[in-house]
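>>> Give the three-dimensional model of this entry:
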Amino acid sequence: MKHMKPARIIVLTVLCLVAGSASAHTGSHAVTGFVSGLSHPLLGLDHLLAMIAIGLWAAQQGGRAVWAVPAAFVGAMVLGGGLALAGWVLPQAETGIAVSVLVLGLLIATQRQWAVLAGMAIAAVFAVFHGYAHGLEMPQAASPMLYALGFVLATACLHGVGIAGSLIGRYAMRLAGAAIAASGLAMLFGM
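Model (predicted):
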């Protein structure tokens, strides 16, 4: 699939632009274990966009980055979850998550190449915020370990979706990156 059809690009852009504020962490849903952990990254638009963006950006970087950047994200996300479970306070976690969506979108849109270690570091910093948010909900869970397994699996799958989505072509990826960045900006300003 070399080029995405203009209608699909428009739909993707509109869907990303109508993103609400970061809302995966309302605390208003029951957390019970594996299924809740699995669904958490899928139900929050902030997480969904960031996870897919990591896959898109990693694929755009190519080479070792295709697996190293998502792996760094998953590992640091687990660390962030552990920090929350241990009672650490990470100020402005929701802001960090919204910034991750904005920056990852910009990285995709600009198509600048980064060293693999730099890409891993960027992914890891953002992942700590995402993992922390997941970890804040784990104490409510009947099985925190199953919850963690669920959110790790969902995250890895969403990275895979982004990697597979990179087949849409360079121009469409730039548009997707711009739409993701716009969504991150909307999240930052609570639109």
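>>> what's the spacing between stretch 105-113 and its chain's center?
Centre-to-centre, stretch 105-113 and its host chain are 15 Å apart (C-alpha atoms, centre = their mean, to the nearest Å).
>>> How about stretch 121-128?
Using C-alpha atoms, centre = their mean, the offset of stretch 121-128 from its chain centre is 10 Å.
>>> Could I get the buried residue list for that stretch?
Ile122, Ala123, Ala124, Val125, Phe126, Ala127, Val128 (16 or more other C-beta atoms under 10 Å). Bear in mind the C-beta positions are built from the backbone N, C-alpha and C, glycine included.
>>> Looking at those, which are in strands?
Nothing among those maps onto strands, per DSSP state E.
>>> Among those, which one lies nearest to Arg64?
Ala123 (13.0 Å; C-beta to C-beta).
>>> among the buried residues of stretch 121-128, which two are most distant?
So, these by C-beta to C-beta: farthest apart are Ile122 and Val128, at 11.5 Å.
>>> anything in contact with each of the two?
Residues touching both Ile122 and Val128 by C-beta atoms under 8 Å, 6 or more residues apart in numbering: none at all.
>>> follow-up on the earlier one: output the buried residues of stretch 121-128 in CSV; the columns should cover pLDDT.
Output for those, formatted as CSV (pLDDT from 0 to 100):
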residue, pLDDT
Ile122, 98
Ala123, 98
Ala124, 98
Val125, 98
Phe126, 98
Ala127, 98
Val128, 98
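>>> Nearest to Phe34 among these?
Distances from Phe34 to these, taken by C-beta to C-beta, are shortest for Ala127, at 20.4 Å.
>>> May I have the residues that are in contact with the spatially most central residue of the chain?
Nearest to the mean C-alpha position of the chain, by C-alpha atoms, centre = their mean, lies Ala50 at 2.2 Å. Taking C-beta under 8 Å, 6+ apart as the criterion, Ala50 is in contact with Ile97, Ser100, Val101, Leu104, Phe126, His130.
>>> Let me know the closest of the residues you listed to Gly177.
For Gly177, the nearest member of these is Leu104. The distance, counting by C-beta to C-beta, is 7.9 Å.
>>> and that closest one, how many residues sit next to it?
26 (other C-beta atoms under 10 Å).
>>> roughly how far apart are it and Tyr147?
24 Å (C-beta to C-beta, to the nearest Å).
>>> secondary structure element for the residue nearest to the centre of the chain?
Using DSSP states H and E, Ala50 sits within helix 45-61.
>>> Show me how far that helix is from its chain's centre.
Remark: helix 45-61 is offset 6 Å from the chain centroid, using C-alpha atoms, centre = their mean.
>>> and that helix, average pLDDT?
On average, the pLDDT along helix 45-61 is 96.
>>> Just the CA atoms of that helix, as PDB, please.
Extracted in PDB, the C-alpha atoms of helix 45-61 (Å, rounded to 0.1, in the frame of the first residue of the first chain):
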ATOM      1  CA  LEU A  45      -7.400   8.100  23.400                       C
ATOM      2  CA  ASP A  46      -4.200   9.500  24.900                       C
ATOM      3  CA  HIS A  47      -2.700   6.100  25.400                       C
ATOM      4  CA  LEU A  48      -4.000   4.700  22.100                       C
ATOM      5  CA  LEU A  49      -2.500   7.500  20.100                       C
ATOM      6  CA  ALA A  50       0.900   7.400  22.000                       C
ATOM      7  CA  MET A  51       1.200   3.600  21.600                       C
ATOM      8  CA  ILE A  52       0.400   3.600  17.900                       C
ATOM      9  CA  ALA A  53       2.700   6.700  17.400                       C
ATOM     10  CA  ILE A  54       5.600   4.800  19.100                       C
ATOM     11  CA  GLY A  55       5.200   2.000  16.500                       C
ATOM     12  CA  LEU A  56       4.900   4.500  13.600                       C
ATOM     13  CA  TRP A  57       7.900   6.400  14.700                       C
ATOM     14  CA  ALA A  58      10.000   3.200  15.300                       C
ATOM     15  CA  ALA A  59       9.100   1.900  11.800                       C
ATOM     16  CA  GLN A  60      10.000   5.300  10.300                       C
ATOM     17  CA  GLN A  61      13.400   5.200  12.000                       C
END
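>>> Good, we can wrap up now.
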